[in-house]
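S.K.: mind folding the following:
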Amino acid sequence: MLNDQRRAFSDKHANYQLLQCGCYAELSVRNRLPIMQNGQQLRRNYCVFWIKEQTNYYIEEFAELLKKLLNNEKQV
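M.R.: Got it, this is the predicted structure:
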């Protein structure tokens, strides 16, 4: 399950953070405005979750590969 962390982490799930980025309000295709709170830009966490009882090597490797792709890491 891919989520932008609008829910709380669960002890029943493996909670793996993929990416953290700033929040923006899109005014037009080429114009975005940072969303601020108390003088700092709001951040959003993107995570994947899976049931801990069903974890295996392939799920964990897929999550790591997805994290590298989202973060534009060269060695994928």
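S.K.: gap between the residue most central in space within the chain and Leu18?
M.R.: In the chain, the C-alpha nearest the mean C-alpha coordinate belongs to Tyr46, at 1.5 Å (C-alpha atoms, centre = their mean). According to C-beta to C-beta, to the nearest Å, Tyr46 and Leu18 sit 5 Å apart. Using the backbone N, CA and C atoms, a C-beta is placed for each residue, glycine as well.
S.K.: correct me, but the residue nearest to the centre of the chain touches Asn15?
M.R.: No. Under the criterion of C-beta atoms under 8 Å, Tyr46 makes no contact with Asn15, lying 11.8 Å away.
S.K.: using the three-state scheme, assign Ser10.
M.R.: Under the three-state scheme (DSSP: H, G, I helix; E, B strand; the rest coil), Ser10 adopts coil.
S.K.: now it: closest residue in space, sequence neighbours ignored.
M.R.: Distance criterion C-beta to C-beta, 6 or more residues apart in numbering; nearest residue to Ser10, sequence neighbours excluded, is Phe49 at 7.3 Å.
S.K.: burial of that neighbour, as a residue count?
M.R.: 18 (other C-beta atoms under 10 Å).
S.K.: which pLDDT value goes with it?
M.R.: Confidence at Phe49, expressed as pLDDT, is 88.
S.K.: quickly list what it is bridged to.
M.R.: Following DSSP bridges, Phe49 is listed with bridge partners Asn15.
S.K.: now the strands for this protein?
M.R.: 2-3, 13-22, 24-28, 31-34, 36-37, 40-41, 43-51 (DSSP state E).
S.K.: which outside residues touch the third one?
M.R.: What it means is strand 24-28. The contact list for strand 24-28 (C-beta atoms under 8 Å, 6 or more residues apart in numbering) reads 32-35.
S.K.: please redo it, this time with the cut-off set to 10 Å
M.R.: 31-35, 41-42, 44 (C-beta atoms under 10 Å, 6 or more residues apart in numbering).
S.K.: could I get those residues as JSON lines with neighbour count, distance to Tyr57 and pLDDT?
M.R.: Putting the contacts of strand 24-28 into JSON lines (neighbours: other C-beta atoms under 10 Å; distance: C-beta to C-beta, whole Å; pLDDT from 0 to 100) gives the following:
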{"residue": "Asn31", "neighbour count": "9", "distance to Tyr57": "44", "pLDDT": "90"}
{"residue": "Arg32", "neighbour count": "13", "distance to Tyr57": "39", "pLDDT": "88"}
{"residue": "Leu33", "neighbour count": "9", "distance to Tyr57": "43", "pLDDT": "94"}
{"residue": "Pro34", "neighbour count": "11", "distance to Tyr57": "39", "pLDDT": "94"}
{"residue": "Ile35", "neighbour count": "13", "distance to Tyr57": "38", "pLDDT": "94"}
{"residue": "Gln41", "neighbour count": "12", "distance to Tyr57": "37", "pLDDT": "95"}
{"residue": "Leu42", "neighbour count": "12", "distance to Tyr57": "35", "pLDDT": "93"}
{"residue": "Arg44", "neighbour count": "14", "distance to Tyr57": "29", "pLDDT": "87"}
